[in-house]
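Structure for the following, please:
(one chain, ligands or ions: 1)
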Amino acid sequence: MFIRVIALALLFVIGASLTPAYGAERQITTTAKNHNLDNNDNFSPDGRFLCYDTRETVGSGIGNGQTIEKVELATGEETMLYQPEKTLTGDNAAPGVGAVTFCPVANKVAFIHGPLVDDVPERGYYDKTNRVGAEVIADGSQRRVWLDRRDVATGRDTLPGAHRGGTHRHEYSFDGKRIGFTYDDALLTEYGRTIGMLVPHPQAPEGATHYFALLVRVAPKDTSKSGELESAKSDSWIGREGLMRGFIGTVREPDGSFQESLFVVDVPADVDVTTADSGAADRYPSPPNGLKVRRLTHSWAAGNVRGTLQGDRIAYYAKAADGTRQVFIIPSDGSDQSDDPAKRPVQATHFEGGAGDGIRWHPSGNAIACIADGGVAVTCVVPGPDFGKSVFVTPHGDTERSDLVWSPDGSVLAYCRVVETLGGDGQPARNYKGEDFSQIFTVEYPDANGDGIADTLE
Ligand SMILES: [Ca+2]
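Residues are numbered from 1 along each chain as shown. Next comes the predicted model:
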């Protein structure tokens with residue numbers, strides 16, 4: 001009996017030491033096309049599906065994106081969610097669809113949609129200043145609505161609630177009521193990229209479901225004064241109700257140089273978007289009344305910035321003392337110049353080669369994930385002795401993983417990997433420039449006790 005206990009204990013110890021710190025990677029998609037998660041909110045609200053686009057299959061970029069699709073994790077079954085009737089490919093492409101994101105509270109997706117082929121003579125080809133958001137119910141019925149209205153008429157003011165360029169990286173707030181995006185104006189191109197918001201509204205311009213409002217007014221390029229912004233990008237909602245949008249601003253410093261720093265724009269729940277000015281041919285749009293832009297850092301910062309569901313903290317990239325790029329965390333009402341140390345940024349990751357793209361929060365707010373050394377790493381961010389401890393949940397140093405996304409319940413991480421793909425003839429299938437396709441993979445988050453912290457770090 002005693003020997004049996006010893007033997008069992010030994011087996012247990014050996015077993016534990018041989019168990020890798022990561023679970024098995026699982027390849028979800030296998031078909032001969034590119035599967036791009038694009039760092040959006042790709043999980044369906046119930047966590048059963050992932051939406052993706054298929055850019056880089058037949059031609060370059062989103063302009064040559066042909067389809068919007070979803071895959072069921074359990075079966076690998078792919079469903080076409082949207083495919084334009086006619087497409088043009090090559091350098092002059094249309095319409096171009098891509099960058100799809102799931103609504104967190106309904107079975108629908110939003111994505112970038114360039115001009116319909118029939119509208120190309122009037123609107124031109126796909127371009128960053130020539131695209132809008134489209135939305136379809138994610139059941140394969142392909143019924144499309146336009147989220148925003150593009151209006152580039154020059155003989156009068158822009159229609160209220162419309163814009164004059166291109167919206168992209170559409171992102172629903174966690175409660176589904178607002179859609180954030182980055183924006184490029186087509187009429188006044190001396191203004192750089194900035195950010196805005198779409199809300200469903202009875203006064204939305206004809207043909208669109210949502211009313212457009214700029215969130216950050218930028219100065220024309222090379223004209224800003226000290227403290228003014230010339231661009232806003234890498235933006236994301238902070239908190240469930242979308243009352244804050246974090247972004248990276250390019251700001252003019254007192255010495256005349258530019259700095260990229262972390263900002264937040266506060267967007268109150270009762271903001272009246274109809275107080276926004278939609279602009280004219282010679283007048284850039286202006287945000288609605290009641291917004292407030294706050295600068296949180298004064299040194300280099302980068303995104304995409306990501307906020308917690310609770311809205312209390314923001315994760316972003318900044319430089320560590322050793323010069324590497326790492327993930328930092330700051331309270332959403334904090335500042336690197338605050339007198340209160342608790343309101344200042346804290347370095348969360350300490351990866352030797354720095355932190356890669358794709359910061360994501362566990363829904364508990366207790367952990368973040370990002371790519372590092374080509375693998376998926378998770379980091380405990382609960383204040384205390386475990387803060388900043390990281391563990392890889394996939395292999396690393398072997399190949400590149402990208403476009404990380406965490407399921408709504410925190411149990412699964414999904415990402416893309418470029419792997420050899422076989423076509424229907426059993427031969428390797430490759431994209432238009434002879435490269436292997438990107439496929440979707442998942443790994444389970446090792447958190448059996450459900451506290452949001454990887455069990456191997458506890
Ligand atoms: Ca745990």
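
Next secondary structure element downstream of the worst-scoring helix or strand of the chain on mean pLDDT?
Among the helices and strands of the chain, helix 2-18 carries the lowest confidence by mean pLDDT, DSSP states H and E, at a mean of 42. Using DSSP states H and E, the next helix or strand after helix 2-18 towards the C-terminus is strand 26-27.

ok, residue 332 - contacts?
Under the criterion of C-beta atoms under 8 Å, 6 or more residues apart in numbering, the neighbours of residue 332 are 238-239, 244, 246, 264, 307, 311-314. C-beta here means a position set from N, CA and C on the backbone, and glycine is covered the same way.

Now do it against residue 295, distance only.
Taken as C-beta to C-beta, to the nearest Å, the spacing of residue 332 relative to residue 295 amounts to 13 Å.

pLDDT value on residue 296, please?
According to the prediction, residue 296 has pLDDT 98.

Ramachandran coordinates for residue 456?
Note on residue 456: its backbone torsions stand at phi -70, psi -10 [degrees, to the nearest 10].

Next, find the distance separating it from residue 411.
Between residue 456 and residue 411 the distance, using C-beta to C-beta, works out to 16 Å.

for residue 379, same thing?
Where residue 411 is concerned, residue 379 sits at a distance of 18 Å (C-beta to C-beta).

Mind checking which of the two has more residues around it?
For residue 379 versus residue 411, the count of surrounding residues by other C-beta atoms under 10 Å is larger for residue 379: 29 against 15.

Find the residue closest to the more buried one in space, skipping its chain neighbours.
Leaving out its chain neighbours, the residue that sits closest to residue 379 by C-beta to C-beta, 6 or more residues apart in numbering is residue 390, at 4.3 Å.

Now for that neighbour: which residues touch it?
When contacts are counted by C-beta under 8 Å, 6+ apart, residue 390 is found next to 349-351, 372, 377-380, 457.

most surrounded residue in these?
Neighbour tally across those (other C-beta under 10 Å): the maximum, 29 neighbours, falls on residue 379.

That residue reaches residue 369, doesn't it?
Yes. Under the criterion of C-beta atoms under 8 Å, residue 379 is in contact with residue 369, at a separation of 7.5 Å.

if I look at residue 364, how far off is the ion?
Distance from residue 364 to the ion, counting by C-beta to the ion, to the nearest Å: 9 Å.

how much space between that residue and residue 52?
In this structure, residue 364 and residue 52 are 26 Å apart, going by C-beta to C-beta.

Which one's more surrounded, the two?
Between residue 364 and residue 52, counting by other C-beta under 10 Å, residue 52 is the more crowded of the two (32 against 16).

From the ion, how far out is the more buried one?
When C-beta to the ion is applied, the distance between residue 52 and the ion equals 29 Å.

tell me the pLDDT at that residue?
Residue 52 is assigned a pLDDT of 98 by the prediction.

Now do the same contact list for it.
Taking C-beta under 8 Å, 6+ apart as the definition of contact, the neighbours of residue 52 are 29, 35-38, 42, 69-71, 100, 440.

any idea which of the residues you listed has the most stuff around it?
For the contacts of residue 52, neighbours were counted using other C-beta under 10 Å, and residue 100 has the most, 30 neighbours in all.

Quick check: chain neighbours aside, which residue is closest to that residue?
Once its chain neighbours are removed from consideration, residue 100 has its nearest residue in residue 111; the separation is 3.9 Å (C-beta to C-beta, 6+ apart).

cool, and residue 274?
Excluding its sequence neighbours, the residue lying closest to residue 274 (C-beta to C-beta, 6+ apart) is residue 203, at 5.9 Å.

The one you found is in contact with residue 211, isn't it?
Yes. The pair residue 203 / residue 211 is scored as a contact, 6.3 Å apart, by C-beta under 8 Å.

neighbour count winner among the two?
For residue 203 versus residue 211, neighbours defined as other C-beta under 10 Å are more numerous around residue 211 (25 against 9).

how about that one, secondary structure?
The three-state label for residue 211, taken from DSSP: H, G, I helix; E, B strand; the rest coil, comes out as strand.

residue contacts, it?
Neighbour list for residue 211: 161, 198-201, 203-205, 273-274 [criterion: C-beta under 8 Å, 6+ apart].

Run a quick neighbour tally on residue 343.
Going by other C-beta under 10 Å, the residues that sit close to residue 343 add up to 15.

Kindly apply the preceding question to residue 278 instead.
Taking other C-beta under 10 Å as the neighbour definition, residue 278 ends up with a count of 23.

how near is it to residue 166?
If you measure residue 278 against residue 166 using C-beta to C-beta, the figure is 15 Å.

same thing with residue 127?
If you measure residue 127 against residue 166 using C-beta to C-beta, the figure is 7 Å.

which of these two has more neighbours?
For residue 127 versus residue 166, neighbours defined as other C-beta under 10 Å are more numerous around residue 166 (24 against 19).

The residue nearest to that one when sequence neighbours are not counted: what's it in contact with?
Leaving aside its sequence neighbours, residue 166 sits nearest to residue 131 (C-beta to C-beta, 6+ apart; 4.2 Å). For residue 131, the contact set (C-beta under 8 Å, 6+ apart) comprises 96, 112-115, 166-168.

Surely residue 345 is in contact with residue 318?
Yes. Checked against C-beta under 8 Å, the pair residue 345 and residue 318 is within contact range at 6.9 Å.

At the contact with the ion, which residues of the stretch 301-450 of the chain appear?
For the stretch 301-450 of the chain, the contact set with the ion under C-beta under 5 Å from the ion comprises 447, 449.

all strands for the stretch 301-450 of the chain, in order.
301-307, 313-319, 325-331, 346-347, 360-361, 367-372, 375-380, 390-392, 401-406, 412-419, 421-422, 428-429, 437-444 (DSSP state E, counting those that start in this stretch).

May I see those arranged in a markdown table, with mean pLDDT as well?
Below are these laid out as a markdown table (pLDDT from 0 to 100):
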| stretch | mean pLDDT |
| --- | --- |
| strand 301-307 | 98 |
| strand 313-319 | 98 |
| strand 325-331 | 98 |
| strand 346-347 | 98 |
| strand 360-361 | 98 |
| strand 367-372 | 98 |
| strand 375-380 | 98 |
| strand 390-392 | 97 |
| strand 401-406 | 98 |
| strand 412-419 | 98 |
| strand 421-422 | 97 |
| strand 428-429 | 96 |
| strand 437-444 | 98 |
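
which residues in the protein form helices?
Counting by DSSP state H, the chain has these helices, from start to end: 2-18, 120-123.

ok, back up a step: please enumerate the shared neighbours of residue 345 and residue 318.
Counting by C-beta under 8 Å, 6+ apart, the shared contacts of residue 345 and residue 318 are 297, 328.

Flag the shaky bits of this structure, pLDDT-wise.
Within the chain, the ranges that satisfy pLDDT under 70 run 1-23.
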